[in-house]
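**Student:** Structural data only, the sequence is not supplied:
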């Protein structure tokens, strides 16, 4: 059985045509795989390699090099809180403490009891003028305060019952279908 759904594999196979070098498609392909599964499994990385006609070692090397790819389960929503100098000077440590308290974890390796949240402290995300800031679900959040964190967590908990890309929905006819979302749709949502 395949780790990745057929529609994600099809979307991955279309990626090389968008780049001057087919190898350049590996990061967006791994992103699609991780988005569907929540983290990258050895099986998923192998399927990405086959779909892109790349060496499996190269794909695994990319996945293990970049910190935004996860080889172990993480929360459905992962807070990437910048703790570099600009953010630290404007309260990033307090924001990290508040994120941990709000989602009910004490360490970056932990996933909240409901499976919704995890966090990670990261180096610069390139928005120093809006410090403290974080990335969450492909979207940047700026000028963070404890109240803003509370609002984000409450909203995500409220909407957690909605199906996501990796969740399977049963149609009226009884067939199992996973909703198809393209990169352009995800980007439009992030820009909104």
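**Tutor:** Good, I have the coordinates. The structure presented is a predicted model; accordingly, all values stated were derived computationally and were not measured. Numbering: from 1, shown residues only.
**Student:** residues contacting the closest residue to residue 69 other than its chain neighbours?
**Tutor:** In space, and not counting its chain neighbours, residue 69 is closest to residue 63: 4.6 Å by Cβ to Cβ, 6 or more residues apart in numbering. Where you see a C-beta, it was placed from the backbone N, CA and C, and this is true even at glycine. Residue 63 is in contact with 30, 40, 45, 69, 71, counting by Cβ atoms under 8 Å, 6 or more residues apart in numbering.
**Student:** Are we agreed that the second one is in a helix?
**Tutor:** No: counting by DSSP: H, G, I helix; E, B strand; the rest coil, residue 40 is not found in a helix; it is coil.
**Student:** care to break the protein down by domain?
**Tutor:** 6-65, 77-158 (automatic domain parsing).
**Student:** Now the first one: average pLDDT?
**Tutor:** If I follow you right, that is domain 6-65. For domain 6-65, mean pLDDT is 95.
**Student:** same deal with stretch 135-144?
**Tutor:** Mean predicted confidence for stretch 135-144 is 92.
**Student:** just to revisit the earlier point, so the residue nearest to residue 69 versus residue 44, what's the distance?
**Tutor:** Remark: distance between residue 63 and residue 44 (Cβ to Cβ, to the nearest Å) = 9 Å.
**Student:** what do you get for residue 12?
**Tutor:** Between residue 12 and residue 44 the distance is 10 Å, computed by Cβ to Cβ.
**Student:** could the contacts of residue 63 go into CSV alongside secondary structure?
**Tutor:** As requested, the contacts of residue 63 are exported to CSV (three-state DSSP):
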residue, secondary structure
30, helix
40, coil
45, helix
69, coil
71, coil
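**Student:** Which of these sits closest to residue 91?
**Tutor:** Ranked by distance to residue 91 (Cβ to Cβ), those are led by residue 69 at 28.3 Å.
**Student:** Now that closest one, what are its backbone angles?
**Tutor:** phi -100, psi 140 (degrees, to the nearest 10).
**Student:** follow-up on the earlier one: just the buried residues of the contacts of residue 63.
**Tutor:** 30, 40, 45, 69 (16 or more other Cβ atoms under 10 Å).
**Student:** Pick out the most distant pair among these.
**Tutor:** 45 and 69 (9.3 Å).
**Student:** list residues touching both of the two?
**Tutor:** In contact with both residue 45 and residue 69: 30, 63, using Cβ under 8 Å, 6+ apart.
**Student:** rewinding a little: for the residue nearest to residue 69, pull up the helix or strand it's in.
**Tutor:** helix 56-65 (DSSP states H and E).
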